[in-house]
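Peer 1: Sequence first, predicted model second:
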Amino acid sequence: MNWEEETERRVAKGVAYFKQGYNCSQSVTLAFADWYGVPEGLMARISASFGGGMGRMRETCGTASGMFMLAGLEEASEEANKEIKARNYAVVQRLAADFKAQTGGSMICRELLSGYIKNVNTNPTPDERTDEYYKKRPCVRMVELAVRTYMRYLQEKNAQ
């Protein structure tokens, strides 16, 4: 597999989902639905509540939450197993550290938005997706960053 080409393909998919109106978390997870054999409709529903920093509360960035859900598909188990749980948590912590290293130290939605929007809104009604919406938010960049970060993890894991 050409990892660079596959990464660019997945980034493009994630961005396209976001621009179609899916939230940030859905956009990241949907970019990998085929990778894990998860039906797109199911993946969209599972990740729906994590957009806007958890239900638009502006907490953990939805793109980071999307990566963490993918890590569960990659590293977790259907059974209660302490070693597998620890391995999954280690991957989540690594992904979080990589993400924060690229965002200036945060994975909190309101902090990531604060440099772009004066009054970060937590009203549960999503904003209209307009050209202005995309210009004033870092969300597309966060989708790209999360997909690239996750692909880097997969590539390194497969190289071992």
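Peer 2: That came through fine. Numbering: from 1, shown residues only.
Peer 1: Quick one: list the elements packing against the lowest-mean-pLDDT helix or strand in the chain.
Peer 2: Between all helices and strands in the chain, the lowest mean by mean pLDDT, DSSP states H and E belongs to helix 131-135, at a mean of 88. Using 3 or more C-beta pairs under 8 Å, 6 or more residues apart in numbering; DSSP states H and E as the contact test, no helix or strand touches helix 131-135. Glycine gets a C-beta too; all of them are placed from N, C-alpha and C.
Peer 1: Report the mean per-residue pLDDT for whatever helix or strand comes next after it.
Peer 2: The helix or strand immediately downstream of helix 131-135 is helix 139-159, counting by DSSP states H and E. Averaging pLDDT along helix 139-159 yields 97.
Peer 1: and what of stretch 56-64?
Peer 2: The predicted model assigns stretch 56-64 a mean pLDDT of 97.
Peer 1: got it, and stretch 35-42?
Peer 2: Rounded mean pLDDT across stretch 35-42 is 98.
Peer 1: Endpoints of it, how far apart?
Peer 2: From its first residue to its last, stretch 35-42 covers 14 Å (C-alpha to C-alpha, to the nearest Å).
Peer 1: How about stretch 110-128?
Peer 2: Criterion C-alpha to C-alpha; first-to-last residue distance in stretch 110-128 is 18 Å.
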